[in-house]
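In: Fold the following, please.
(2 chains)
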Amino acid sequence: MRTILFLIRKEFLQIFRNKFISKAIFAVPIVQMLILVPAITFELKKVDVLVIDKDMSPESRGLISKLEGSTFFRIMGMTYNEKEANSLMHRNKCNIVLHIPENFGKDIVTGRQAKIVAAIDAINASSAQLAWAYLNGIVRDYNSILTIKNINNSAPAAIPIIDIRNRYWYNEELNYKYYMLPGILVILVTAIGFLLAGLNMVREKEIGTIEQINVTPVRKSQFIVAKMVPFLIIGLVDLALGLAIGKITFNIPFNGSILLLFLGSTIFLIAVLGLAVFISTFSGSQQQFMFVAFFCMIIFILMSGIFTPYESMPQWAQDFNLINPVAYLMRVNRMVMLKGSSFTDISRELISLSVLAVLFTTFAVRRYRKTA
Amino acid sequence: MTMKKKVIEVENLVKRFGHFTANDRLSFDVYEGEIFGFLGANGAGKTTAIRILSGLSSPTSGKVKVAGFDAGTQAEMIKRNIGYMCQKFSLYEDLTVRENIALYGGIYGLSRSEITERTAQLLDRLRFREYENKLISDLPLGLKQKLSFAVAVLHEPRIVFLDEPTGGVDPITRRQFWEMIYETAERGITIFVTTHYMDEAEYCDRISIMNDGRIVALDTPSNLKKQYNVSSVEEVFIKIARPAGS
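Out: From the prediction side, this is the model:
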């Protein structure tokens, strides 16, 4: 135990004596929170619509002004030339081309089915679907106005309409920042946990100081724990810093227990620190380590459900996530912060993370060789 | 000499890396308190042998006992009883002199008061007081090497292994370094030292000369000079050892 304290002291001395790292560990969370939280959003705003209005009737103009009135769409231009429309879409100048054929207004007035066609840029399938849904909603609204107008003209009887109201739970304003912030906090601790300890370990190999350590009677587990503890503490300090920024800058609601959030991140950090040290035992240089660590980190983060819903991943991907610590913490953070989940609600995640922490750390200690 | 206790016993030590045999059936003993010189050209297999003796590498075959423990199975027990100074300087450059000493004192299980006391002794003996709070990276090489040696014997081990401790060091510092070696040997610590410098070989109680992974000569410097009828160890060396591959 005493030996570990000596070793931990050494790590802290080295970390804070390194002018770059000692600043970076505080600058990174601040910059990450301030940039990523507001920047990453799935909200659809200002979809550019190009209109080909071949009808030029009051009805077609009515539809166009409805579109203009919504916050999602912006009419970026009108044209009669389909070639021009195609080329604008091709050059990313517009996202939707809306064709209103001749006789649109006449069909409506005479009670026939009127038709319009929307061509949507679907490079990003989900935003295309979202745009389509919004467009559909606006057309439906317009439709019902027209219907009511027509029916009023003929028979002023009650029209049966189902009125559905919804309430968004846990994030009533559908504020994406609230959804992303707990996820960005995960990325924050992942970066600290994954990169720094492993790099530190490989650096000792590169400059040869590890040789002098290996020739002492220090235990492998002592040396590895002493490598992990400082970055565990730094990771938790960064988490606190990130939370503070979230509260001050974005006024993020915090419904759960702060203690639970830190517990989750502590277990998580042990797991990724263990994995990073394990990877470092295979790496002869910092370059090799960075390459492998980055590869793992990107896979872990992208599969964790930060951007895409966990439930809609294919089964094999969900199975893979059983060994993905980032996926567990992603759920823990969001559940605790947004839903106010209790210990029992997230016990499955915490247990799984603990298993990974024990497993990865054991791998690291076993794989580390003091005697080649 | 034969009455003395053996602290290192090596019998038919073989170390292979793939098809390359770095150490070919080495056999020798080192006695308590002696200064044992391990000579050989670059690539002769000195560092490989010293790494096995210090428990950093396992032998492929053969019997190796250091401080009574087997190098193949009890490497960690050996590590408790030895000090080791690497060929490449390997104290922490970004820690101060004092911090390095405290770290290794702590690792070897010295108490706080022992660390304080031995640090003070060490700083005085090396006349290092003015450097105690300097980062190692700011010290000249000679001082680094001296500190490295002092740290290697901080915990009063039974044996200390020095792998080319004076490489790249100026003659005056080299001289002082050897004075430190003598002082340490007088305290009863066995010195196992590899070197390139033949004048240093003259200072050893006994020397062995390695060539191409084998020990080709082993005796006191004076006996070897007599045997080869020359006036210096350098001439002995030139007579019997050629650099690997030439």
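
In: mind listing what's buried in stretch B:146-160?
Out: B:146-155, B:157-160 (16 or more other CB atoms under 10 Å in any protein chain shown). In this view, the C-beta of every residue, glycine as well, is placed from N, C-alpha and C.

In: longest single helix anywhere in chain B?
Out: Secondary structure of chain B per DSSP state H: the longest helix is helix B:171-186.

In: Residues contacting stretch A:295-304, please?
Out: With contact meaning CB atoms under 8 Å, 6 or more residues apart in numbering or on different chains, stretch A:295-304 is reached by A:183, A:186-187, A:190-191, A:194-195, A:275, A:279, A:310, A:313, A:317, A:320-321, A:324-327, A:329-330.

In: Give me the buried entries from those.
Out: Buried among those by 16+ other CB under 10 Å: A:183, A:186-187, A:190-191, A:194-195, A:275, A:279, A:313, A:321, A:324-327, A:329-330.

In: So which residue is smack in the middle of chain B?
Out: With distances taken as CA atoms, centre = their mean, residue B:162 lies nearest the centre of chain B, 2.1 Å away.

In: and it, how far is that from chain A?
Out: 12 Å (CB to the nearest CB, to the nearest Å).

In: buried ones in the strand or helix carrying residue B:218?
Out: If you go by DSSP states H and E, residue B:218 is part of strand B:214-219. Under the neighbour-count criterion of 16+ other CB under 10 Å, strand B:214-219 has B:215, B:217, B:218 buried.

In: Stretch A:80-89 now?
Out: Quick answer for stretch A:80-89 (16+ other CB under 10 Å): A:85, A:88, A:89.

In: and if you look at stretch A:199-208?
Out: Here stretch A:199-208 shows A:199, A:200, A:201, A:202, A:203, A:204, A:205, A:206 as buried, counting by 16+ other CB under 10 Å.

In: In contact with residue A:197, which residues?
Out: Counted by CB under 8 Å, 6+ apart, residue A:197 has contacts A:227, A:228, A:230, A:231, A:273, A:276, A:277, A:280.

In: Cross the buried residues of stretch B:146-160 against strands and list the overlap.
Out: B:159, B:160 (DSSP state E).

In: Quick one: the buried residues of stretch B:146-160 as CSV, columns for distance to chain A too.
Out: CSV is the format used below for the buried residues of stretch B:146-160 (distance: CB to the nearest CB, whole Å):
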residue, distance to chain A
B:146, 16
B:147, 12
B:148, 9
B:149, 12
B:150, 13
B:151, 8
B:152, 9
B:153, 13
B:154, 11
B:155, 9
B:157, 10
B:158, 13
B:159, 12
B:160, 11
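
In: still on that earlier bit, which other residues reach the longest helix of chain B?
Out: Contacts to helix B:171-186, defined as CB under 8 Å, 6+ apart, come from residues B:33-35, B:142-143, B:145-146, B:149-150, B:153, B:160, B:162, B:165-166, B:169, B:191, B:193, B:197, B:200, B:203.

In: ok, now stretch A:176-183?
Out: Counting by CB under 8 Å, 6+ apart, residues outside stretch A:176-183 touching it are A:33, A:36-38, A:40-43, A:171, A:246, A:250, A:252-253, A:304, A:306, A:330, A:333-334, A:336-338.

In: about what we covered before: any chance of a markdown table for the buried residues of strand B:214-219, columns pLDDT?
Out: Output for those, formatted as a markdown table (pLDDT from 0 to 100):
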| residue | pLDDT |
| --- | --- |
| B:215 | 93 |
| B:217 | 92 |
| B:218 | 94 |
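
In: Show me which of these is closest to chain A.
Out: Nearest to chain A, judged by CB to the nearest CB, of the buried residues of strand B:214-219 is residue B:215 at 22.6 Å.

In: who are the neighbours in contact with that closest one?
Out: Neighbours of residue B:215 in contact, by CB under 8 Å, 6+ apart: B:26, B:27, B:28, B:208, B:209.

In: Show me what it is bridged to.
Out: For residue B:215, the beta-bridge assignment (DSSP bridges) gives partners residue B:210.

In: confidence score at the closest residue to residue B:144 other than its chain neighbours?
Out: Counting by CB to CB, 6 or more residues apart in numbering or on different chains, residue B:89 is the residue found nearest to residue B:144 once chain neighbours are left out, at 5.5 Å. For residue B:89, the pLDDT comes out at 91.

In: Residue B:89 sits in which helix or strand?
Out: Going by DSSP H and E, residue B:89 is not in any helix or strand.

In: same check, this time on residue B:24
Out: strand B:20-31.

In: Tell me, how many residues neighbour whichever residue of chain B sits closest to chain A?
Out: Nearest to chain A, among the residues of chain B, is residue B:106, at 3.0 Å (CB to the nearest CB). Residues near residue B:106, counting by other CB atoms under 10 Å in any protein chain shown, number 21.

In: Looking at it now. What's its pLDDT?
Out: 96.

In: isn't it right up against residue A:3?
Out: Yes. Between residue B:106 and residue A:3 there is a contact under CB atoms under 8 Å: 6.1 Å.

In: still on that earlier bit, could you tell me which of the contacts of stretch A:176-183 count as buried?
Out: Judged by 16+ other CB under 10 Å, buried ones among the contacts of stretch A:176-183: A:33, A:37, A:40, A:246, A:250, A:252-253, A:304, A:306, A:330, A:333-334, A:336-338.

In: quick revisit: which residues sit in contact with the residue nearest to residue B:144?
Out: A:208, B:141, B:144, B:145, B:148.

In: Make TSV out of the residues you listed and add pLDDT.
Out: TSV is the format used below for the contacts of residue B:89 (pLDDT from 0 to 100):
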residue	pLDDT
A:208	92
B:141	90
B:144	93
B:145	93
B:148	95
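
In: Tell me how many other residues surround residue A:248.
Out: Residue A:248 has 10 nearby residues by other CB under 10 Å.

In: Now do the nearest residue to residue A:279 once chain neighbours are set aside against residue A:197, distance only.
Out: Distances taken as CB to CB, 6+ apart place residue A:292 nearest to residue A:279, at 5.3 Å, with adjacent residues excluded. Using CB to CB, to the nearest Å, one obtains 14 Å as the distance from residue A:292 to residue A:197.

In: Please apply the same query to residue B:183.
Out: 40 Å.

In: do the same with residue A:65
Out: 60 Å.

In: Over to residue A:40?
Out: Taking CB to CB, one finds residue A:40 at 27 Å from residue A:197.

In: pLDDT below threshold where in the chain?
Out: Just so you know, I chose chain A. A:150-160 (pLDDT under 70).

In: nope, chain B
Out: Short version for chain B, where the test is pLDDT under 70: B:1-3, B:242-246.

In: repeat that for 80
Out: B:1-4, B:241-246 (pLDDT under 80).

In: Flag every residue of it that's near chain A.
Out: B:51, B:54-58, B:75-76, B:79-80, B:82, B:84, B:86, B:88-95, B:99, B:102-104, B:106-109, B:135 (CB under 8 Å from any CB of the partner chain).

In: same thing but 6 Å
Out: Residues of chain B that fall close to chain A, judged by CB under 6 Å from any CB of the partner chain: B:54-58, B:75, B:79-80, B:84, B:86, B:88, B:90, B:92, B:94, B:103, B:106-107.

In: Run through the neighbouring helices and strands of the helix or strand hosting residue A:6.
Out: In this structure, residue A:6 is located in helix A:2-17 according to DSSP H and E. The helices and strands touching helix A:2-17, judged by 3 or more CB pairs under 6 Å, 6 or more residues apart in numbering or on different chains; DSSP states H and E, are helix A:220-250, helix B:97-107.

In: how does it look with 8 Å?
Out: helix A:19-39, helix A:220-250, helix B:97-107 (3 or more CB pairs under 8 Å, 6 or more residues apart in numbering or on different chains; DSSP states H and E).

In: Mind exporting the C-alpha coordinates of the last one to PDB?
Out: Backbone C-alpha positions of helix B:97-107 (Å, rounded to 0.1, in the frame of the first residue of the first chain) are rendered in PDB as follows:
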ATOM      1  CA  VAL B  97      17.100  14.400  -7.500                       C
ATOM      2  CA  ARG B  98      15.300  14.200  -4.200                       C
ATOM      3  CA  GLU B  99      12.100  12.900  -5.700                       C
ATOM      4  CA  ASN B 100      13.900  10.100  -7.500                       C
ATOM      5  CA  ILE B 101      15.600   9.000  -4.400                       C
ATOM      6  CA  ALA B 102      12.400   9.100  -2.400                       C
ATOM      7  CA  LEU B 103      10.600   7.100  -5.000                       C
ATOM      8  CA  TYR B 104      13.100   4.300  -5.200                       C
ATOM      9  CA  GLY B 105      13.400   4.300  -1.400                       C
ATOM     10  CA  GLY B 106       9.700   3.900  -1.200                       C
ATOM     11  CA  ILE B 107       9.600   1.100  -3.800                       C
END
